[in-house]
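Asks: I need the structure of the sequence given here:
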Amino acid sequence: PAVTNTGATSVRRRSASLNGVITSSGGADPEVWFQYWQQGGGGTSAVSMGTQGGAFSAAISGLTPGVTYEYRALASNAAGPAWSGVRDFSLLAGAPRGWYAATNGDNTAGTNWTTALTDLQLALDTAEPNDTLLVAGGQTFMPAPYYAFTWTTSWVTVEGGYQAAGMSPGPRDPAQWPTTLTRHPAGRSRVLTVQGVTNGALRGVTIRNGHLPDGGIPRGAGLYVGESVFLVDACDIRENNAAQSGYMQLCEGGGLYAQNSALAVSNTLVRTNRTAQAMQTNSRTHGAGVAVRGGTATLSRCVIVGNFLNADHGATAGYGAGLYAAGGAAVQLQNVLVAGNWMSGPSKIGLGITVDGANVQVVQCTVVTNELEGLRVISGIAGVTNSILWGNGDDLVGAISDARYSDIEDGDFSGTNGCVQVNP
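Replies: Have a look, this model is predicted:
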């Protein structure tokens with residue numbers, strides 16, 4: 001047989017693809033192997049490719065960053081063995097770097113827009129601590145059917161909204177070139193799971209159309225953040241749906257759910273998300289926009305608007321269509337608009353903000369036109385400072401620990417601690 005070494009491709013920091021081609025079989029198609037080693041010495045590794053009759057390739061990983069490797073191919077059949085020539089490839093250095101993701105890249109090295117990775121999950125898996133993932137705007141990325149994108153690497157930043165044309169990285173404007181992450185239409189799933197991440201940051205990305213079906217407790221149809229220290233900045237979380245129909249079950253966090261995390265959300269729009277609990281008694285639906293259980297969360301310069309709890313069965317309760325905080329969470333809202341959040345079904349509680357065993361501080365916020373209630377405390381602590389609560393039906397419900405310098409339509413705290421009742 002005759003075999004040619006056609007060179008390595010998709011050369012990254014710790015991985016590469018080895019390529020070869022059988023140019024003549026000399027009889028039956030031969031068995032083929034790759035051998036590779038570090039240039040200048042060291043042990044040799046082998047990869048069996050089975051029987052081949054044309055082009056073949058192997059993806060290898062676990063390599064050492066910044067090192068040059070050599071490799072060759074071996075083909076063997078009854079006519080005897082044949083070796084290709086030896087070629088080398090040099091891996092990227094281990095220093096922090098940017099990786100590129102674009103649906104129109106060639107899915108090779110991922111080091112610029114031309115060689116960009118087309119699979120966002122591959123890009124997330126490739127990134128190492130202190131790397132940045134640069135994601136093309138004007139494009140939509142989706143995981144495999146029934147799966148979510150999964151992010152588990154710490155100290156990684158993902159930035160969307162790049163023009164992704166010409167120079168790399170080039171101009172970035174998420175408003176002009178939105179980067180959209182969505183579920184695959186062939187199956188219901190969450191869009192993005194962040195688990196066990198320290199100092200991760202997601203910037204300038206739209207997360208939409210996640211849909212968690214029945215089974216377990218649906219939480220975070222758009223974005224789930226678990227046991228992480230994580231920043232969400234300048235994102236649009238919209239039109240996600242966590243659904244449940246089980247007896248004595250709950251669903252929560254249609255747009256965003258955080259569990260025992262240190263979460264910071266800034267300059268972000270959370271809109272028209274939904275949690276649905278249909279046709280079952282003794283069930284609950286929480287936080288269509290945002291739900292936080294345990295840990296801490298700070299939301300600043302955000303808009304939480306038009307989120308919807310669907311609880312059509314008469315014995316199903318809905319809590320906090322805009323934001324729901326529970327499990328000892330400490331949550332601060334600063335300069336946040338919470339507006340127009342609502343629910344279908346008769347048992348409606350705190351449809352702007354619900355505090356259920358948490359500490360929530362509302363500072364310099366506007367909580368307006370939420371159905372039935374603006375802020376309700378079931379248990380826990382809530383304070384309001386320098387804020388406007390108006391047009392919510394009942395603006396403050398339950399044991400509000402403190403209100404200062406706020407304008408509250410229903411007259412709570414009027415004349416106390418600088419609070420007033422004046423139509424803004």
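
Asks: how about the helices in this protein?
Replies: 120-126 (DSSP state H).

Asks: span of stretch 198-205 from start to end?
Replies: When the termini of stretch 198-205 are compared using Cα to Cα, to the nearest Å, they are 19 Å apart.

Asks: what comes up buried for it?
Replies: For stretch 198-205, burial by neighbour count (16 or more other Cβ atoms under 10 Å) applies to 200-205. (C-beta placed from N, C-alpha, C; glycine too.)

Asks: what's the mean pLDDT across it?
Replies: Mean pLDDT, taken over the full extent of stretch 198-205, equals 98.

Asks: same check on stretch 210-217?
Replies: Averaged across stretch 210-217, pLDDT comes to 80.

Asks: and which of the buried residues of stretch 198-205 is nearest to Tyr162?
Replies: For Tyr162, the closest of the buried residues of stretch 198-205 turns out to be Gly204, at 8.8 Å, with distances computed as Cβ to Cβ.

Asks: how about the contacts made by that closest one?
Replies: Gly204 makes contact with 159-161, 172, 174, 179, 233-235, according to Cβ atoms under 8 Å, 6 or more residues apart in numbering.

Asks: scan those and report the most crowded one.
Replies: Across the contacts of Gly204, the neighbour count under other Cβ atoms under 10 Å reaches its highest value at Thr179, namely 30 neighbours.

Asks: and that residue, what pLDDT?
Replies: Among the per-residue scores, Thr179 holds a pLDDT of 98.

Asks: any chance of the contacts of Gly204 in JSON lines, with distance to Ala95 too?
Replies: Written out in JSON lines, the entries for these read as follows (distance: Cβ to Cβ, whole Å):
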{"residue": "Glu159", "distance to Ala95": "19"}
{"residue": "Gly160", "distance to Ala95": "24"}
{"residue": "Gly161", "distance to Ala95": "25"}
{"residue": "Arg172", "distance to Ala95": "22"}
{"residue": "Pro174", "distance to Ala95": "27"}
{"residue": "Thr179", "distance to Ala95": "25"}
{"residue": "Asp233", "distance to Ala95": "25"}
{"residue": "Ala234", "distance to Ala95": "27"}
{"residue": "Cys235", "distance to Ala95": "28"}
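
Asks: now render the buried residues of stretch 198-205 as CSV, adding distance to Pro81.
Replies: Putting these into CSV (distance: Cβ to Cβ, whole Å) gives the following:
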residue, distance to Pro81
Gly200, 50
Ala201, 52
Leu202, 52
Arg203, 54
Gly204, 54
Val205, 52
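
Asks: report the contact partners of the closest residue to Asn5 other than its chain neighbours.
Replies: Spatial nearest neighbour of Asn5, excluding adjacent residues (Cβ to Cβ, 6 or more residues apart in numbering): Ser84 at 3.9 Å. Residues in contact with Ser84, defined by Cβ under 8 Å, 6+ apart, are 3-5, 20, 72-75.

Asks: neighbours of Arg13, how many?
Replies: Other residues within reach of Arg13, judged by other Cβ under 10 Å, total 22.

Asks: what residues are up against it?
Replies: 65, 91-94, 97, 126, 128.

Asks: cutoff 10 Å now
Replies: For Arg13, the contacting residues are 63-66, 91-95, 97, 99, 110-111, 126-128, 131, by Cβ atoms under 10 Å, 6 or more residues apart in numbering.

Asks: and the residues you listed, which are buried?
Replies: Neighbour counting with 16+ other Cβ under 10 Å marks 63, 91-92, 97, 99, 110-111, 126-128, 131 as buried within the contacts of Arg13.

Asks: okay if I get the residues you listed as a markdown table plus pLDDT and distance to Leu120?
Replies: Supplementary listing: the buried ones among the contacts of Arg13 in a markdown table, determined by pLDDT from 0 to 100; distance: Cβ to Cβ, whole Å:
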| residue | pLDDT | distance to Leu120 |
| --- | --- | --- |
| Leu63 | 96 | 23 |
| Leu91 | 97 | 22 |
| Leu92 | 96 | 19 |
| Arg97 | 96 | 17 |
| Trp99 | 98 | 10 |
| Gly110 | 96 | 11 |
| Thr111 | 96 | 16 |
| Thr126 | 96 | 10 |
| Ala127 | 97 | 11 |
| Glu128 | 97 | 16 |
| Asp131 | 98 | 14 |
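
Asks: how about TSV for those residues, with distance to Ser266 added?
Replies: Supplementary listing: these in TSV, determined by distance: Cβ to Cβ, whole Å:
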residue	distance to Ser266
Leu63	38
Leu91	37
Leu92	32
Arg97	26
Trp99	24
Gly110	28
Thr111	30
Thr126	27
Ala127	22
Glu128	25
Asp131	22
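
Asks: kindly indicate which of those lies nearest Gln38.
Replies: Nearest to Gln38 among the buried ones among the contacts of Arg13 is Leu63, at 8.7 Å by Cβ to Cβ.

Asks: how much space separates the closest one from Leu18?
Replies: With the distance defined as Cβ to Cβ, to the nearest Å, Leu63 ends up 11 Å from Leu18.

Asks: can you list residues touching both of the two?
Replies: Taking Cβ under 10 Å, 6+ apart as the criterion, Leu63 and Leu18 both touch 36, 69, 89.

Asks: count the neighbours of the residue lying closest to Gln244 once chain neighbours are set aside for me.
Replies: The shortest distance from Gln244 to any residue other than its chain neighbours is 3.8 Å, reached at Cys251 (Cβ to Cβ, 6+ apart). Applying the criterion other Cβ under 10 Å, we find 33 residues in the vicinity of Cys251.

Asks: can you check Ser45 too?
Replies: If you count neighbours by other Cβ under 10 Å, Ser45 ends up with 15.

Asks: ok, it - contacts?
Replies: For Ser45, the contacting residues are 34-38, 60, 62-63, 69, 71, by Cβ under 10 Å, 6+ apart.

Asks: rewinding a little: of the buried residues of stretch 198-205, which is the nearest to Gly105?
Replies: The nearest member of these to Gly105, counting by Cβ to Cβ, is Val205 at 17.5 Å.

Asks: so, low pLDDT: which residues of the protein?
Replies: 214-215, 245-249, 278-282, 312-316, 346-347 (pLDDT under 70).

Asks: for the most far-flung residue of it relative to its centre, what are its contacts?
Replies: Among residues of the chain, the one most distant from the C-alpha centroid is Ala79; the distance is 54.4 Å, by Cα atoms, centre = their mean. Residues counted as contacts of Ala79 (Cβ under 10 Å, 6+ apart) are 1, 24-28, 30.
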